[in-house]
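In: show me how the following folds:
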Amino acid sequence: MRHVGITVYGCEQDEANMFTELSPRFGVVPALRDDAVSEASTSSMPGNRCISVGHKSEISGPILRALKATGVEYVSTRSIGVDHIDLKAGSSAPEARSASGPVIGSPETHGTGGS
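Out: Numbering: from 1, shown residues only. Sure, this is the predicted structure:
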């Protein structure tokens, strides 16, 4: 099985336990971080194309551009909505999905402020 790496930002202990337990089953290798994603933290990423953020992380346009510059292609959010992500900037940054919502940058997300 091919393994996929994902950097998990703002990972709390209960989430870390679940990622550690479930990741091998799905061929995912998580890099767990308790700090929030920021422009500065993107430079110390382990080269994963995917990141996961929690609902407490504000993801601004500059952060999305910094992620894109480091090779991130996908942003997933461990939240119900996407109000914490700059959707307009997201249309030109990495593809992003909410666990319950559409792809950021798709026509159904523009102007809605999330799900």
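
In: what ranges does this structure have for its helices?
Out: Listed in chain order, the helices of the chain (DSSP state H) span 13-26, 39-42, 61-69, 87-90.

In: dump those helices to CSV, plus distance to L32 and mean pLDDT.
Out: C-beta coordinates here come from the backbone N, C-alpha and C atoms, glycine included. Output for those, formatted as CSV (distance: least, C-beta to C-beta, whole Å; pLDDT from 0 to 100):
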stretch, distance to L32, mean pLDDT
helix 13-26, 5, 94
helix 39-42, 13, 86
helix 61-69, 17, 89
helix 87-90, 24, 76
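
In: T77: which of those is closest?
Out: T77 sits nearest to helix 87-90 of all the helices of the chain, at 10.9 Å, using C-beta to C-beta.

In: may I see the helices of the chain organised as JSON lines, with mean neighbour count and distance to I51 added?
Out: Output for the helices of the chain, formatted as JSON lines (neighbours: other C-beta atoms under 10 Å; distance: least, C-beta to C-beta, whole Å):
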{"stretch": "helix 13-26", "mean neighbour count": "12", "distance to I51": "13"}
{"stretch": "helix 39-42", "mean neighbour count": "16", "distance to I51": "9"}
{"stretch": "helix 61-69", "mean neighbour count": "18", "distance to I51": "7"}
{"stretch": "helix 87-90", "mean neighbour count": "19", "distance to I51": "13"}
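
In: just send the ones you listed back as a markdown table, with distance to R49 too.
Out: Output for the helices of the chain, formatted as a markdown table (distance: least, C-beta to C-beta, whole Å):
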| stretch | distance to R49 |
| --- | --- |
| helix 13-26 | 16 |
| helix 39-42 | 13 |
| helix 61-69 | 10 |
| helix 87-90 | 16 |
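
In: and the ones you listed: which comes nearest R78?
Out: helix 13-26 (7.0 Å).
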